[in-house]
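Trainee: Give the three-dimensional model of this entry:
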Amino acid sequence: MQNEKWNLNNSYSKLPKIFYTKQQPTPVCNPKLVLFNDSLAEFLGVPLQSEVFAGNAVPENATPISQAYAGHQFGYFTMLGDGRAVLLGEQITPSGKRFDIQLKGSGKTSYSRGGDGRAAIKPMLREYLISEAMHALGIETTRSLAVVETGETVAREKLLPGAILTRVAASHIRVGTFEYAANFGTIENLRRLADYTIERHFPYIISNEHKYLSLLQEVIQRQASLVAKWQLVGFVHGVMNTDNMAISGETIDYGPCAFMDTYNPNTVFSSIDKRGRYAYKNQPKIAAWNLARFAESLLPILHEDKKKALKITQEELDKFHEIYHSYWLKGMREKLGLFEETNGYDILIYNLLELMQKYKADYTNTFRALTLGNIDKSSNIELFAKPEFYDWNNQWQLRLAQQKQSEQEIKKIMQQNNPVIIPRNHLVEEALDSAENGDLSLIKKLLNSVSNPYDYTIEQEYFNSPIPTSCGYKTFCGT
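Mentor: Numbering: from 1, shown residues only. Prediction:
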């Protein structure tokens with residue numbers, strides 16, 4: 001690690017200046033490294049430099065900027081931007097890949113909108129923990145390189161320890177970035193952003209005759225795949241505003257997010273989502289809504305005739321739910337060890353989910369028990385003792401027996417798609433509370449565990465048991 005050096009440039013700063021503001025991070029008084037992601041650092045080829053992760057030093061060749069963007073937040077359009085983040089640059093890895101290196105909580109910017117530009121330690125540790133858990137689950141996500149305690153306090157409901165997160169992303173280009181270009185820039189600005197995005201994320205479509213249409217198609221595909229993966233593991237993002245939808249297809253922004261324990265499609269974790277706009281069941285619908293805003297932004301460069309442009313985009317948007325559903329059904333088949341789309345297999349899936357909801361079954365543990373064949377009363381899952389489940393299980397077993405694959409092959413694909421462990425909400429809160437008080441042992445233990453979510457060879461009962469609460473679990477944005 002000591003021999004590794006930063007290899008930064010900033011291609012984003014070559015876009016028109018409307019898209020960013022040059023911005024140095026604000027130094028802090030007494031930084032202390034709390035967490036550092038050694039394996040990610042090795043992949044990126046970056047050194048451990050606490051002063052850089054604290055914003056007290058800038059690497060050679062860095063061009064720090066804050067990015068401008070807009071977005072629909074809970075359905076309402078507003079001007080936004082990096083109110084507490086600085087993009088140091090783009091690290092070119094030893095393998096030649098490009099990743100944004102961003103400091104989150106690094107002080108005021110031109111887009112702070114009256115905020116202090118800082119962050120508290122618990123939300124930054126939450127993002128580190130959940131984003132690394134998502135990566136281990138095989139879900140596209142931004143990642144966390146480091147968390148540094150600043151030695152300063154931030155004022156929220158009370159004074160809290162301050163911290164800075166170093167976030168790594170394929171890019172921070174959002175649906176909201178395109179909305180910003182379309183609403184506040186020129187057509188040429190929009191075209192430059194689209195060309196840059198294609199070159200960075202979709203170089204294989206550069207030569208397409210209708211490359212901006214191809215861009216829309218690619219983003220639709222990636223978002224359909226991403227949200228399907230969320231649904232398959234019971235992840236609730238909590239704040240699917242258009243500024244939190246990355247064009248790269250990565251999960252971004254881990255504020256009011258959590259994993260569902262009891263299967264309930266109406267699950268909401270965000271303390272501010274009073275009407276359930278971003279409930280678990282609504283995530284595919286909201287993704288489609290966000291993609292419609294993206295398509296609207298592209299209209300001026302899709303076709304000079306606006307009516308034709310609208311017709312083109314609507315045709316593509318109409319395909320989203322079918323694409324999403326295809327990804328989701330494939331994932332559900334694999335969770336149940338079904339290799340083929342035999343007649344009525346989808347009804348088997350829906351019937352199981354209906355029973356899980358009716359008997360308030362734990363989502364993760366139900367599929368874990370099915371994978372292990374542990375469906376007797378000793379599993380402590382009420383559902384398995386019900387006559388309806390007995391009938392369902394007979395139908396499932398009959399389908400499994402009709403397949404040409406062996407029991408070992410069936411079990412293998414189920415193990416690859418049903419995590420043994422997720423970041424249980426009560427354990428996350430316990431670990432974050434302890435870390436806020438200076439004890440990192442619990443969060444390190446939890447990080448180690450969620451880094452191996454499909455490991456069926458180790459005993460992880462401590463991490464598998466949800467704790468029912470009399471009131472709904474709530475999370476907060478931490479801004």
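Trainee: What about residue 237, how many residues nearby?
Mentor: If you count neighbours by other Cβ atoms under 10 Å, residue 237 ends up with 26. (Glycine included, C-beta is placed from N, CA and C.)
Trainee: wait, I meant residue 455
Mentor: Residue 455 has 14 nearby residues by other Cβ under 10 Å.
Trainee: Repeat that for residue 151.
Mentor: 14.
Trainee: Find the nearest non-adjacent residue to it, please.
Mentor: Nearest residue to residue 151 in three dimensions, chain neighbours excluded: residue 30, at 2.7 Å (Cβ to Cβ, 6 or more residues apart in numbering).
Trainee: all strands in this protein, in order from the N-terminus.
Mentor: All strands of the chain, identified by DSSP state E, fall at 8-9, 20-22, 32-36, 65-67, 70-73, 76-79, 85-92, 98-104, 119-120, 143-155, 159-169, 235-236, 258-259.
Trainee: export these to TSV and tack on distance to residue 300 and mean pLDDT?
Mentor: Below are the strands of the chain laid out as TSV (distance: least, Cβ to Cβ, whole Å; pLDDT from 0 to 100):
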stretch	distance to residue 300	mean pLDDT
strand 8-9	30	95
strand 20-22	21	98
strand 32-36	44	97
strand 65-67	21	98
strand 70-73	16	96
strand 76-79	17	96
strand 85-92	27	98
strand 98-104	27	98
strand 119-120	36	96
strand 143-155	34	96
strand 159-169	27	96
strand 235-236	35	98
strand 258-259	39	96
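Trainee: could I get these as TSV with distance to residue 312?
Mentor: Listed next are the strands of the chain as TSV, based on distance: least, Cβ to Cβ, whole Å:
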stretch	distance to residue 312
strand 8-9	35
strand 20-22	30
strand 32-36	46
strand 65-67	28
strand 70-73	22
strand 76-79	23
strand 85-92	32
strand 98-104	30
strand 119-120	41
strand 143-155	35
strand 159-169	29
strand 235-236	32
strand 258-259	38
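Trainee: for those, which one sits closest to residue 201?
Mentor: When these are compared by Cβ to Cβ, strand 98-104 sits nearest residue 201, at 9.8 Å.
Trainee: Pairing partners for the closest one, with directions?
Mentor: strand 85-92 (antiparallel), strand 159-169 (antiparallel) (DSSP bridges).
Trainee: Give the full set of residues in contact with the residue nearest to residue 151.
Mentor: With contacts defined as Cβ atoms under 8 Å, 6 or more residues apart in numbering, residue 30 is in contact with 150-152.
Trainee: So which bits of stretch 333-346 are buried?
Mentor: Buried positions in stretch 333-346, judged by neighbour count with 16 or more other Cβ atoms under 10 Å: 333-338, 345.
Trainee: End to end on that stretch, go ahead and measure it.
Mentor: 8 Å (Cα to Cα, to the nearest Å).
Trainee: For that stretch, what is the distance to the chain centroid?
Mentor: 27 Å (Cα atoms, centre = their mean, to the nearest Å).
Trainee: pLDDT weak spots in the protein?
Mentor: Along the chain, the parts satisfying pLDDT under 70 run over 1-4, 377-379, 458-462, 468-479.
Trainee: ok, now with 80
Mentor: By pLDDT under 80, the low-scoring segments of the chain are 1-4, 376-380, 457-479.
Trainee: Centroid-wise, who is the farthest residue in it?
Mentor: residue 387 (37.9 Å; Cα atoms, centre = their mean).
Trainee: From residue 367, how far out is that one?
Mentor: Using Cβ to Cβ, to the nearest Å, we find residue 387 at a distance of 21 Å from residue 367.
Trainee: Number of residues surrounding residue 390?
Mentor: By other Cβ under 10 Å, neighbour count at residue 390 equals 11.
Trainee: go on, residue 95?
Mentor: Residue 95 is flanked by 8 other residues according to other Cβ under 10 Å.
Trainee: again, but for the one 4 residues further on
Mentor: Residue 99 has 22 neighbours, counted by other Cβ under 10 Å.
Trainee: wait, isn't it in contact with residue 169?
Mentor: Yes: judged on Cβ atoms under 8 Å, residue 99 makes contact with residue 169 at a distance of 6.6 Å.
Trainee: which secondary structure elements does the top helix by length along the chain contact?
Mentor: Longest helix of the chain, by residue count under DSSP state H: helix 211-233. Packing contacts for helix 211-233, counted by 3 or more Cβ pairs under 8 Å, 6 or more residues apart in numbering; DSSP states H and E, involve helix 187-201, helix 283-302, helix 306-317, helix 320-335.
Trainee: re earlier: columns mean neighbour count and distance to residue 137 on top of the strands paired with strand 98-104, output as CSV?
Mentor: Formatted as CSV, the strands paired with strand 98-104 follow (neighbours: other Cβ atoms under 10 Å; distance: least, Cβ to Cβ, whole Å):
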stretch, mean neighbour count, distance to residue 137
strand 85-92, 24, 24
strand 159-169, 24, 17
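Trainee: can you tell which of these is closest to residue 357?
Mentor: Within these, the stretch nearest residue 357 is strand 159-169; the backing value is 34.9 Å (Cβ to Cβ).
Trainee: per-domain residue ranges of this protein.
Mentor: Domains of the chain are assigned by automatic domain parsing as 8-172, 176-328.
Trainee: Could you export the ones you listed as a markdown table, including distance to residue 451?
Mentor: Formatted as a markdown table, the domains of the chain follow (distance: least, Cβ to Cβ, whole Å):
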| stretch | distance to residue 451 |
| --- | --- |
| domain 8-172 | 5 |
| domain 176-328 | 15 |
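Trainee: and of these, who's closest to residue 403?
Mentor: Nearest to residue 403, of all the domains of the chain, is domain 176-328, at 20.4 Å by Cβ to Cβ.
Trainee: Let's see the distance spanning that closest one from one end to the other.
Mentor: End-to-end distance for domain 176-328, by Cα to Cα: 26 Å.
Trainee: Can you give me the end-to-end span of stretch 433-453?
Mentor: 23 Å.
Trainee: in this protein, which residue is closest to the centre?
Mentor: Taking Cα atoms, centre = their mean, the chain has its central residue at residue 251, 2.3 Å away.
Trainee: who's in contact with the residue lying closest to that one once chain neighbours are set aside?
Mentor: With Cβ to Cβ, 6+ apart as the criterion, residue 251 has its nearest non-adjacent residue at 4.2 Å, and that residue is residue 141. Applying Cβ under 8 Å, 6+ apart to residue 141 gives the contacts 131, 134-135, 250-252.
Trainee: measure residue 141 to residue 167 for me?
Mentor: Between residue 141 and residue 167 the computed distance is 10 Å (Cβ to Cβ).
Trainee: swap in residue 267?
Mentor: Using Cβ to Cβ, we find residue 267 at a distance of 26 Å from residue 167.
Trainee: Kindly report the same for residue 326.
Mentor: Distance from residue 326 to residue 167, by Cβ to Cβ: 31 Å.
Trainee: cool, and residue 457?
Mentor: Going from residue 457 to residue 167 by Cβ to Cβ gives 32 Å.
Trainee: got the contact list for residue 14?
Mentor: residue 196.
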